[in-house]
Structures are given as C-alpha cells and as structure tokens.
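A.B. asks: A structural model of the following input is requested.
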Amino acid sequence: MSDDRICVGVVTGSFGVRGDVRLKSFCAEPSAIADYSPLWNEDGTTSHAITITRAVKGGFGVRMAGVTSKEQADGLKGMKLYANRDDLPSLPDDEYYYTDLIGLDVFDTGGEKLGRINAVHDHGAGDLLEIAGPAFKGSVLLPFTAEAVPTIDLTAGRVIVDPPVGILPGTGDD
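C.D. replies: Presented below is the predicted three-dimensional model:
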C-alpha cells in the first residue's frame, strides 16, 4: 500500500439481503469514514463510494456503490478500505496515524536500539505498541502513553521509550 493512503476501515460482512455491508471504522470519530468516500481497496485498483445507512453493533450498515446483493457483500468480507492521506485531517503534534508509527526504530533513553514497531494495537483500554527486536523472544507490548513513549520523531524514523519497570527485558524483574 502506498504512503498516500491510510487504512480507515474494514468490511466485516454483509448486512441484510440488499447488498449492504457491515463496516468497522478505524476513525477517531467513527462516522467520519463517510467523509473520505470514495475509499480504496488495499492495492489501490478499485474505489468504493460509501453511504452510511445506519449504526449497527460494532460499526455501521453501509451501502457501497455497485454492490447490490448479499452474495457480493459477503465476498467483500475482510476487505480493508483506505482513504487518501490528503483527504484526512491534519493532526496535532501529539497525535499520530498508526501507519506512520509502524516500522519506526525504537531506542531506550540511553540510546540503545531495542527494535522496531511492528504494529499498534487498540483493544479499547489504551493503545499498545508491538515492538520486535533481537533482545526479545518474539515481540513485546508497550503501553503507548506519554510516560512510556516520551519522544516520537517521524522525520528521523525513531521513537524513544522509557518503559515501566519490568515491561521490557533488562528493565527490572523479568
């Protein structure tokens, strides 16, 4: 996927029998996803004009242009939808699009490289950075808070972390 587009939602299945889809929005204001229509598929070859028809559990019932049957809607399940970066709002200095964080190098406050950010997870209780590196078995999860991640430098492609004691190997009782 190009850096010119950001994932803003995913089709989670069909909704009803007339071709509507169930859509989960990743936007800070979930209904704002309709403001960025048309949305693109992952490889950027197809755009989809969307209209929110109703709120449903876990997202929205959405009419997608060209989708007229339940079978077509079922076939779109799992499709990620992307908006043009230029259509999205500018963010304040202390907010970031998840996609901009993935791949950044992670350093501790002493300047030692710990690894890279593999993913950002949001399970509802606060964002977590998934960090992988040679010092870890697999990956570790770090709370994405100002205390644990005091510095983010997108230009330099790095973050500085100051994790709570014991979260990362070598930071306490592990």
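A.B. asks: and residue 141, what does it touch?
C.D. replies: With contacts defined as C-beta atoms under 8 Å, 6 or more residues apart in numbering, residue 141 is in contact with 121, 128-131. Where you see a C-beta, it was placed from the backbone N, CA and C, and this is true even at glycine.
A.B. asks: again, only this time at 10 Å
C.D. replies: Applying C-beta atoms under 10 Å, 6 or more residues apart in numbering, one finds that residue 141 lies in contact with 119, 121, 128-131, 167-168.
A.B. asks: tell me where the longest helix sits in this protein.
C.D. replies: What stands out as the longest helix in the chain, according to DSSP state H, is helix 70-75.
A.B. asks: which residue is the nearest non-sequential neighbour of the most centrally placed residue in the chain?
C.D. replies: Most central in the chain under C-alpha atoms, centre = their mean is residue 98, positioned 4.9 Å from the mean C-alpha point. If the residues on either side of it in the chain are set aside, residue 98 comes closest to residue 120, at 4.2 Å by C-beta to C-beta, 6 or more residues apart in numbering.
A.B. asks: what's the answer for residue 105, then?
C.D. replies: residue 158 (4.5 Å).
A.B. asks: okay, that neighbour: pLDDT?
C.D. replies: Looking at residue 158, its pLDDT stands at 95.
A.B. asks: what's the local residue count around it?
C.D. replies: Burial measure for residue 158: 16 neighbouring residues, criterion other C-beta atoms under 10 Å.
A.B. asks: picking up where we left off before, what helices and strands are in contact with whatever helix or strand the residue nearest to residue 98 lives in?
C.D. replies: Element membership for residue 120, per DSSP states H and E: strand 113-122. For strand 113-122, the elements it packs on are helix 98-101, strand 105-108, strand 127-132, strand 139-143, strand 158-161, judged by 3 or more C-beta pairs under 10 Å, 6 or more residues apart in numbering; DSSP states H and E.
A.B. asks: need those in CSV (columns: distance to residue 66).
C.D. replies: As requested, the helices and strands packed on strand 113-122 are arranged in CSV below (distance: least, C-beta to C-beta, whole Å):
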stretch, distance to residue 66
helix 98-101, 27
strand 105-108, 42
strand 127-132, 35
strand 139-143, 39
strand 158-161, 41
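A.B. asks: mind checking which of these is nearest residue 92?
C.D. replies: With C-beta to C-beta as the measure, helix 98-101 is the member of those nearest residue 92 (13.7 Å).
A.B. asks: chain center to that closest one, what's the gap?
C.D. replies: Helix 98-101 sits 7 Å away from the centroid of its parent chain (C-alpha atoms, centre = their mean, to the nearest Å).
A.B. asks: mind listing what's buried along the worst-scoring helix or strand of the chain on mean pLDDT?
C.D. replies: None of the helices or strands of the chain scores lower by mean pLDDT, DSSP states H and E than helix 98-101, at a mean of 89. Buried residues in helix 98-101, counted by 16 or more other C-beta atoms under 10 Å: 98, 100-101.
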